[in-house]
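Chemist: Provided below are the primary sequence and the corresponding predicted coordinates.
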Amino acid sequence: MRRDGLPLLPGEGTRAVRETCEERSPKRGEGVTTGTTKRSVMIAGHRTSVSLETPFWEALREIAAAREQSVQVLIGEVDEARGAQNLSSAIRVFVLASVRERRQSR
């Protein structure tokens, strides 16, 4: 069980994706947001951190579960396809595209 009460997905143990407890509250003028959470991930044998808003982490978990993948593997796939784009931004774009794709297939 993770700190946020959700069950761990396969490959999502403390070594795969872990929270570093660095949530940031929105600054004045940023609009409605849930803050960001920074998580440490291992990509191609290298540890890096990714900061995303809570809804993006939740959507990423849902997408990974639907594909029967770990979040770690899914982030690795996004990383391979992102080119020069920032990883956090690439993940957000990926999540948005996945949500749009799912909506159109209904």
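Modeler: Arrived safely, thanks for sending. Numbers count the residues shown, from 1 in each chain.

Chemist: can you give me the helices in the protein?
Modeler: With DSSP state H, the ranges of helices along the chain come out as 54-66, 71-81, 87-104.

Chemist: what residues does the first one touch?
Modeler: What that stands for is helix 54-66. 6, 9, 34-37, 39, 52, 70-71, 73-75, 91-92, 95, 98-99 (C-beta atoms under 8 Å, 6 or more residues apart in numbering). (C-beta placed from N, C-alpha, C; glycine too.)

Chemist: show me which of those residues are buried.
Modeler: Applying a neighbour-count criterion of 16 or more other C-beta atoms under 10 Å, the buried members of the contacts of helix 54-66 are 9, 36-37, 39, 52, 70-71, 73-75, 91-92, 95, 98.

Chemist: could I get those in a markdown table, plus columns for distance to H46?
Modeler: Shown next, in a markdown table, are these (distance: C-beta to C-beta, whole Å):
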| residue | distance to H46 |
| --- | --- |
| L9 | 21 |
| T36 | 21 |
| T37 | 20 |
| R39 | 15 |
| L52 | 19 |
| S70 | 17 |
| V71 | 17 |
| V73 | 15 |
| L74 | 17 |
| I75 | 12 |
| I91 | 16 |
| R92 | 21 |
| V95 | 22 |
| S98 | 25 |
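
Chemist: just flag the most distant two among the residues you listed.
Modeler: T36 and V73 (22.4 Å; C-beta to C-beta).

Chemist: and the end-to-end length of stretch 78-96?
Modeler: Stretch 78-96 has its terminal residues 13 Å apart, counting by C-alpha to C-alpha, to the nearest Å.

Chemist: what sits up against that stretch?
Modeler: Against stretch 78-96 from outside (C-beta under 8 Å, 6+ apart): I43, A44, T48, V50, S51, L52, F56, A59, L60, I63, I75.

Chemist: ok, and the most crowded of these?
Modeler: I75 (25 neighbours; other C-beta atoms under 10 Å).

Chemist: surely that residue meets V50?
Modeler: Yes - contact criterion C-beta atoms under 8 Å: I75 and V50 qualify, at 6.9 Å.

Chemist: which neighbours do these two share?
Modeler: Common neighbours of I75 and V50 (C-beta under 8 Å, 6+ apart) are V41, L87, I91.
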